[in-house]
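Chemist: pasting the sequence and the predicted coordinates here, then a few questions.
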Amino acid sequence: MWSISNTAEILFNYVRDILYNPTGAALNLDDLDADYRKLGQGLQYLAQCVAEQRELAQALAKGNLSVKLPPPGNELAAPLKALHAALKHMTWQSQEVAKGNYQHRLDFMGEFAAAFNTMVEQLDGRQKALMQEIENTRRKTLALEQSNSLLESLTENMAQWVIVTDVFTKERLFINSTAVKAFREAPALKTETDHWIDGRLDSGAWKQQLGEVEAVMVAAGKTCYFSVGSYPLQWHERRAVAHVFANISADKERFLLLEKHAYRDNLTKTHNRYSGMQILRQWLEEEKHFSLCFADLDNLKYVNDNFGHSEGDQYIIKTAEVLSGFSGDVVVSRLGGDEFMLLAPGMGLAQAEQRMLELRDALLTSGAPDGPAYTRSISFGVVEAKPGCGLSASELLSIADERMYAFKRAHKGHRTIIT
């Protein structure tokens with residue numbers, strides 16, 4: 001005689017194992033009352049669907065888009081399969097953009113699609129601006145070849161410097177008034193310019209490089225950036241080169257600032273995910289010895305829910321400040337909302353783990369006495385990368401992520417509340 005309570009306990013334990021101990025989940029239908037065996041079969045199918053869903057989710061979390069998908073009958077995995085298809089399509093579109101095909105746009109994935117489309121539009125705009133600049137340069141070259149007298153009259157009031165130099169003697173055959181005025185005000189800049197022009201003539205680069213090149217000159221402690229076009233021409237029966245210097249210092253400074261923002265996290269001023277992953281891949285290619293520390297903020301959702309997102313941002317900023325004190329040469333990157341990656345060159349596993357524990361303790365005691373009362377803490381995982389380790393960036397992160405979760409489980413319920 002089967003006991004209903006015994007059957008219920010068997011089924012309850014099985015459902016619990018499906019969720020929390022999937023590798024140990026097992027159900028013998030013969031142990032069930034006959035009336036519950038059909039239910040047991042259903043739960044076995046549910047366990048299979050959950051396992052397939054979990055396997056797909058883990059693969060997507062590691063960036064593995066080549067994973068075998070669950071069969072069509074698994075409705076639990078349908079959203080993840082849709083995400084898999086979207087990621088595959090996004091990967092293809094990103095590859096096309098990398099080839100210079102800027103016509104691609106994303107019409108799904110919400111905010112990511114907006115950011116992606118903005119990036120593509122910016123790249124497309126820069127490409128068009130570059131092509132326009134090339135066309136402008138071509139037109140300048142044609143104008144210079146038409147007439148030396150026309151060149152002089154056109155360039156006298158140009159904002160750009162125009163310097164015509166004999167190819168063989170390096171004699172300056174013509175310098176427009178804009179350049180003369182600039183050199184009068186900054187003699188050191190004239191010395192730098194003469195040195196640059198003579199170097200171009202000596203190397204023969206002016207004959208090999210078409211279009212414009214960038215020149216960087218430092219005079220009186222100030223760095224100036226120029227876009228320089230070199231145009232061969234005949235100047236009163238002498239073989240010469242006209243160098244056209246356009247001062248792009250303001251544009252260059254704006255570009256450097258934009259580039260800095262493109263590689264930095266706006267909130268914490270650390271490297272963003274793109275920059276951090278680029279550095280990680282570069283170090284692996286160079287076979288550097290380093291330790292990767294993956295850190296996750298504890299209780300960030302609790303802080304956001306109870307003290308507001310502004311306080312949550314302060315929590316993130318403070319954590320970034322503490323982690324940046326890891327060492328003088330550490331590279332700190334914010335990978336996501338509450339996730340940070342630290343790359344410590346030349347540091348072994350034990351030393352990196354000890355340093356992370358010290359920073360964790362420092363974070364625990366970093367709260368202001370009159371500030372909100374909540375835990376400031378991190379969980380972390382560390383993996384050491386030695387030359388020739390053969391691991392990819394995603395594999396290293398995956399190992400560190402697993403160790404971080406092991407640390408989080410081990411320390412759950414043993415955190416100090418800052419009051």
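Modeler: Looks like it came in fine.
Chemist: drop to CA atoms for contacts and neighbour counts, all remaining ones
Modeler: Fine.
Chemist: any low-confidence regions in the stretch 151-300 of the chain?
Modeler: By pLDDT under 70, the low-scoring segments of the stretch 151-300 of the chain are 151-157, 205-206, 208-211, 258-261.
Chemist: can you show me the strands along it?
Modeler: Along the stretch 151-300 of the chain, counting by DSSP state E, counting those that start in this stretch, strands occupy 161-166, 172-175, 212-219, 222-235, 238-247, 271-272, 290-297.
Chemist: now the ones you listed as JSON lines including mean neighbour count and distance to Gly125?
Modeler: Below are the strands of the stretch 151-300 of the chain laid out as JSON lines (neighbours: other C-alpha atoms under 10 Å; distance: least, C-alpha to C-alpha, whole Å):
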{"stretch": "strand 161-166", "mean neighbour count": "23", "distance to Gly125": "27"}
{"stretch": "strand 172-175", "mean neighbour count": "16", "distance to Gly125": "34"}
{"stretch": "strand 212-219", "mean neighbour count": "15", "distance to Gly125": "19"}
{"stretch": "strand 222-235", "mean neighbour count": "18", "distance to Gly125": "19"}
{"stretch": "strand 238-247", "mean neighbour count": "20", "distance to Gly125": "21"}
{"stretch": "strand 271-272", "mean neighbour count": "24", "distance to Gly125": "24"}
{"stretch": "strand 290-297", "mean neighbour count": "25", "distance to Gly125": "37"}
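Chemist: for Arg16, find the nearest of those strands.
Modeler: strand 290-297 (27.4 Å; C-alpha to C-alpha).
Chemist: so what strands line up beside that closest one?
Modeler: Counting by DSSP bridges, the strands paired with strand 290-297 are strand 339-345 (antiparallel), strand 378-385 (antiparallel).
Chemist: picking that back up, can I get the strands of the stretch 151-300 of the chain in CSV including distance to Lys62?
Modeler: Putting those into CSV (distance: least, C-alpha to C-alpha, whole Å) gives the following:
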stretch, distance to Lys62
strand 161-166, 54
strand 172-175, 61
strand 212-219, 41
strand 222-235, 43
strand 238-247, 47
strand 271-272, 19
strand 290-297, 14
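Chemist: hmm, back to that, okay, the strands paired with strand 290-297, which one's buried deepest?
Modeler: Most buried of those, by mean neighbour count (mean count of other C-alpha atoms under 10 Å): strand 378-385, with a mean of 24.
Chemist: what angle do the helix or strand immediately after that one in the chain and strand 339-345 make?
Modeler: Next along the chain after strand 378-385, taking DSSP states H and E as the criterion, comes helix 393-410. Interaxial angle, helix 393-410 versus strand 339-345 (axes from the mean of the first three to the mean of the last three C-alpha atoms, to 10 degrees): 120 degrees.
Chemist: for helix 393-410, name the packing helices and strands.
Modeler: Here helix 393-410 touches helix 273-285, strand 290-297, strand 378-385, going by 3 or more C-alpha pairs under 8 Å, 6 or more residues apart in numbering; DSSP states H and E.
Chemist: just put those in TSV and tack on distance to Glu311.
Modeler: Converted to TSV, these look like this (distance: least, C-alpha to C-alpha, whole Å):
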stretch	distance to Glu311
helix 273-285	23
strand 290-297	14
strand 378-385	16
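Chemist: what's the closest non-adjacent residue to Asn299?
Modeler: Thr375 (6.9 Å; C-alpha to C-alpha, 6 or more residues apart in numbering).
Chemist: now distance to Gln41 and mean pLDDT too, for the strands paired with strand 290-297, in a markdown table please.
Modeler: A markdown table is the format used below for the strands paired with strand 290-297 (distance: least, C-alpha to C-alpha, whole Å; pLDDT from 0 to 100):
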| stretch | distance to Gln41 | mean pLDDT |
| --- | --- | --- |
| strand 339-345 | 41 | 97 |
| strand 378-385 | 40 | 96 |
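Chemist: circling back: nearest to Glu402, out of the strands of the stretch 151-300 of the chain?
Modeler: Among the strands of the stretch 151-300 of the chain, strand 290-297 comes nearest to Glu402, with 9.5 Å by C-alpha to C-alpha.
Chemist: what's the angle from the closest one to helix 273-285?
Modeler: Using the same axes, to 10 degrees: strand 290-297 against helix 273-285 is 150 degrees.
Chemist: how far away is Met119 from Leu130?
Modeler: 16 Å (C-alpha to C-alpha, to the nearest Å).
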